[in-house]
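Trainee: After the sequence you'll find the predicted model.
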Amino acid sequence: MTASDVAAILGAEGPFAREVPGFAPREAQERMAGAVATAIEDRDVLIAEAGTGTGKTFAYLVPALMSGRKVIISTGTKALQDQLFFRDLPRVHAVLGSRAKTSLLKGRANYLCLYRLDQAVREGNPDRQLASQLSAIRAWSARTRRGDRMEMIDIPEDSPVWPRVTSTPENCLGTECPFFDDCHVVKARREAMEADIVVVNHHLLMADLALKQEGFGEILPCADAFILDEAHQIPELAGQFFSQSVSARQMTDLAQDALAEAQGVTGATSQLLEPVEVVQDLIKRLRLAMDPLPARGPFGALDRDETVHELLGELRDVMAALSDLLSSLGERSRGLANVFERAQMLSLRLDRIAEEHSAADVRWYETWPRGFALHATPLDLATPLRAMRMATDAAWIHTSATLSIAGDFAHFARQLGIEDPQTLHVESPFDYPRQALAYLPKDLPDPAARDYTDRVVAAIRPVLDASDGRAFLLFTSHRALRRAAELLEGRVPWPLFVQGTAPRHRLLEEFRASGRGVLLGAASFWEGVDVAGEALSVVVIDKLPFAMPDDPVLQARLEALEEAGINPFMGWQVPTAVIALKQGAGRLIRDVHDRGVLVLCDPRLSTKGYGRLFLASLPPMPRTRELADVTAFFAPVSSPT
């Protein structure tokens, strides 16, 4: 089937126009579908930027289903993955009358592990709430077909019960598990092996590719084409998955699992109890010693702190000793053998991160209220990503609404090691000149000013009066968000929804239901949030979203660019911030009937030369510096007499 044939399916005479209520043929969607079809056929690399409202999901699903090839589709989040598999894919499948087999595949932590559940039930739990959740999971286990924990919506995603009843690559017993024949992970992978279209998420895709690179096996079956939706997230995720990391959580889980597995082996518990307690104590003491240090930083800061350095050395010694002890005990139990393999891997990784001084890696740490992690992240991600693509001999299609900088794809392509790709840019079908207005308030100080957030709130208050709330206020830092919340709380007539006061999905539901709310959000609200209709009519962005300077990986990357003769600010920081700004601005217009004002507070858009690059990358909406234009935009249209 040719590219024009595929495009015609989405055209005015095609089955979607005939069978899908409200479907409107879009030339941009047809162009993208044709380009995707060609890339799949030619096993080519395509970068396709599709403006909001293009209908890019249908534009890649149609050629994927019509290709007759094995296609893996990867999304940015598990929520989008479920939406794609349970809503969009069945709709396209039905309209096309396709016979293609489809499957949904997630990382193993999303599936109930029957062995771990059995262990957890045997051990019991003194905590009444966790015991109740465990009982509910046990009842669900008897009726679920997929074992996908998203079915258990009444149990919070961050409940401590989930790690007890799900497996990790380290603690899975594999074919020696007594529940192997009924394993939900095995069943899901088997379905994926047999399917034509497999829907995954970027975390699973990257984890699998990293595992394959390390030679531990693979999760995903071989495919003829990979389609990466929300592909702008790939560079950051690749950094996570090609890193070597050890966390307090991994070591604590290992210690607990060692004792759990020892219960079935005579004398094992008495041998393991002391070293396990020493590991747990050292982890707590090390975390406490890291308190005076910044929340994240280069590994050198740990080496320079005498107490931290000594405790880290002790932890390495005791982890090595625990690994040696488990080596002999592992001969008496498959479960303990598995724990030994994990202990050995974590011990070696801990030594490697603490000792190695490779110019190719950035060694760094990060802390949380109750934990920490140590990392070694490769400076160059382009090389492993390029090798990964070449090893597949497949088509690679990258799509998102935000991949270019003023129409130029060079920054994105360079990060992924893509040379001379096919590129496509299709504009949004929305009428931005009529539907939207960009407002750049006058007289705001430099963003470094101490009272900057106070001045921003004062500048946007009349905008909120004109719109009667109905706004997202997006901040580049949680500190600014908290200050803005203090300034608005109890002083405005609209309901306020502040990130951190409730789960994200609940804040969004309540915001939509309120009809005139004001939502204050930071990083996670800049993308993947869809509020169509009048409930959202203003998006405020406080500052240009430059990456935080405390990121040790970013600092090392900028230094490497400078050494290579590339201006790190214009070559990395500005392009990355442009893409983030496009994501935030993209929250405003989500439908052909939406109208709204984008408020860009950062004066650098007008005072700095690079500001033009940011503005040129936004949709083509009129701009103003006059508040009167905003008021007029929201003024009711009087009907002719």
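Mentor: In hand now; what should we look at?
Trainee: Tell me where the stretch 501-641 of the chain is predicted with low confidence.
Mentor: For the stretch 501-641 of the chain, the stretches flagged by pLDDT under 70 are 637-641.
Trainee: Helices along that one, start to end?
Mentor: 504-514, 552-563, 568, 574-585, 604-607, 611-616, 627-634 (DSSP state H, counting those that start in this stretch).
Trainee: Most tightly packed of these?
Mentor: Most buried of these, by mean neighbour count (mean count of other Cβ atoms under 10 Å): helix 574-585, with a mean of 22. (C-beta placed from N, C-alpha, C; glycine too.)
Trainee: helices or strands up against that one?
Mentor: helix 410-416, strand 538-541, helix 611-616 (3 or more Cβ pairs under 8 Å, 6 or more residues apart in numbering; DSSP states H and E).
Trainee: need the ones you listed in JSON lines with distance to residue 265, can you?
Mentor: Shown next, in JSON lines, are the helices and strands packed on helix 574-585 (distance: least, Cβ to Cβ, whole Å):
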{"stretch": "helix 410-416", "distance to residue 265": "48"}
{"stretch": "strand 538-541", "distance to residue 265": "59"}
{"stretch": "helix 611-616", "distance to residue 265": "62"}
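Trainee: which one of the helices of the stretch 501-641 of the chain lies closest to residue 210?
Mentor: Closest approach to residue 210 among the helices of the stretch 501-641 of the chain (Cβ to Cβ): helix 552-563, 16.4 Å.
Trainee: quick one: which of the helices of the stretch 501-641 of the chain is nearest residue 466?
Mentor: helix 627-634 (4.4 Å).
Trainee: chain center to that closest one, what's the gap?
Mentor: Between the centre of helix 627-634 and the centre of its chain there are 36 Å (Cα atoms, centre = their mean, to the nearest Å).
Trainee: same for that helix, what does it pack against?
Mentor: Here helix 627-634 touches strand 436-439, helix 452-467, strand 596-600, going by 3+ Cβ pairs under 8 Å, 6+ apart.
Trainee: And the contacts of the last one?
Mentor: Yep, that's strand 596-600 we're talking about. 435-441, 460, 463, 467, 536-541, 585, 588-589, 618, 621, 630, 633-634 (Cβ atoms under 8 Å, 6 or more residues apart in numbering).
Trainee: if we go to 7 Å?
Mentor: 436-441, 460, 463, 467, 536-541, 585, 588-589, 621, 630, 633 (Cβ atoms under 7 Å, 6 or more residues apart in numbering).
Trainee: mind saving the C-alpha coords of it as PDB?
Mentor: What follows is strand 596-600, C-alpha atoms only, in PDB (Å, rounded to 0.1, in the frame of the first residue of the first chain):
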ATOM      1  CA  GLY A 596      -7.200  31.700  25.300                       C
ATOM      2  CA  VAL A 597      -4.400  34.000  26.300                       C
ATOM      3  CA  LEU A 598      -0.800  32.800  26.800                       C
ATOM      4  CA  VAL A 599       0.900  35.100  29.300                       C
ATOM      5  CA  LEU A 600       4.700  35.100  29.000                       C
END
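Trainee: Direction included, what does that strand pair against?
Mentor: Applying DSSP bridges, strand 596-600 is found paired with strand 436-439 (parallel), strand 538-541 (parallel).
Trainee: thinking again about what came up before, would you reformat the helices of the stretch 501-641 of the chain as a markdown table and include distance to residue 52?
Mentor: A markdown table is the format used below for these (distance: least, Cβ to Cβ, whole Å):
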| stretch | distance to residue 52 |
| --- | --- |
| helix 504-514 | 18 |
| helix 552-563 | 28 |
| helix 568 | 30 |
| helix 574-585 | 10 |
| helix 604-607 | 21 |
| helix 611-616 | 17 |
| helix 627-634 | 20 |
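Trainee: which one of the ones you listed lies closest to residue 346?
Mentor: helix 552-563 (21.7 Å).
Trainee: Of the helices and strands packed on helix 627-634, which stretch is the most buried?
Mentor: strand 596-600 (a mean of 25).
Trainee: quick one, that one and helix 574-585 angle?
Mentor: 150 degrees (axes from the mean of the first three to the mean of the last three Cα atoms, to 10 degrees).
Trainee: what's the domain layout of the chain?
Mentor: The chain breaks down by automatic domain parsing into domains covering 3-101+195-241+381-426, 108-169, 244-377, 432-634.
Trainee: Could you single out the most deeply buried of those?
Mentor: domain 3-101+195-241+381-426 (a mean of 19).
Trainee: what's the average pLDDT for that one?
Mentor: For domain 3-101+195-241+381-426, mean pLDDT rounds to 91.
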